[in-house]
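Participant: sharing a sequence plus its predicted fold:
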Amino acid sequence: MRYILVLLAAIHVLSTTHTHAFEKKGTSYGKPLTLSKITKVSHIMANPGDFIGKTVLVKGVVVNVCSHRGCWMDIASDAPFEKIRIKVADGEIVFPLDAKGKEALVEGVLEKLEFTKEQIIQWRRHHAEKHGETFDPGSVTSGETHYRIRGTGAVIKE
């Protein structure tokens, strides 16, 4: 029993130290990070109801950044083909375009966004026009629910 307690204490210290070491090797954006426990993106996406309205700390590779204002970035999950969007108020935090491909540690509150079928059609039509693609409104059969993190602070590794 004593061995297990010592092992758990060591893991906690190492995970906390790792977070702080990460912060020293990167550039900070927004407010300082307050959490030390990292929650896997895959765990959030599998159980979003457990996290809505709660502050979480996630870590992952930046796979996309808003090229217009730097007001959002997508973080790859630990699960294949999964990601989560980090959204901040325009101008409050500006994520750099060169963050793409770098590892990030991000803190914020999980939000649930529900879109009607009509909103999804509008968004996909706009996206297709912007990228010179064709779009079939009939391909949208229902509304969608999206989850994102309202970012308060981040550290992007150098």
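Facilitator: Everything's here; your move. Everything quoted here is computed from the prediction, not taken from an experiment.

Participant: could you use CA atoms for every contact and neighbour count after this?
Facilitator: Will do.

Participant: quick one, strands of the protein?
Facilitator: Shown for the chain, the strands assigned by DSSP state E span residues 26-30, 55-65, 72-76, 83-87, 103-115, 144-157.

Participant: just give me the neighbour total for K157.
Facilitator: 17 (other Cα atoms under 10 Å).

Participant: all further residue positions should be reported with the first residue as 5.
Facilitator: In the new numbering, first residue 5, that becomes K161.

Participant: who does it form a beta bridge with?
Facilitator: For K161, the beta-bridge partners are G30 (DSSP bridges).

Participant: hmm, it is touching T31, no?
Facilitator: Yes - between K161 and T31 there is a contact under Cα atoms under 8 Å: 6.5 Å.

Participant: sorry, back to before: tell me the most buried of the strands of the chain?
Facilitator: Here the criterion is mean neighbour count by mean count of other Cα atoms under 10 Å, and of the strands of the chain the winner is strand 76-80, at a mean of 24.

Participant: just checking, what packs against it?
Facilitator: Contacts defined by 3 or more Cα pairs under 8 Å, 6 or more residues apart in numbering; DSSP states H and E place strand 76-80 against strand 59-69, strand 87-91.

Participant: perfect, that will be all.
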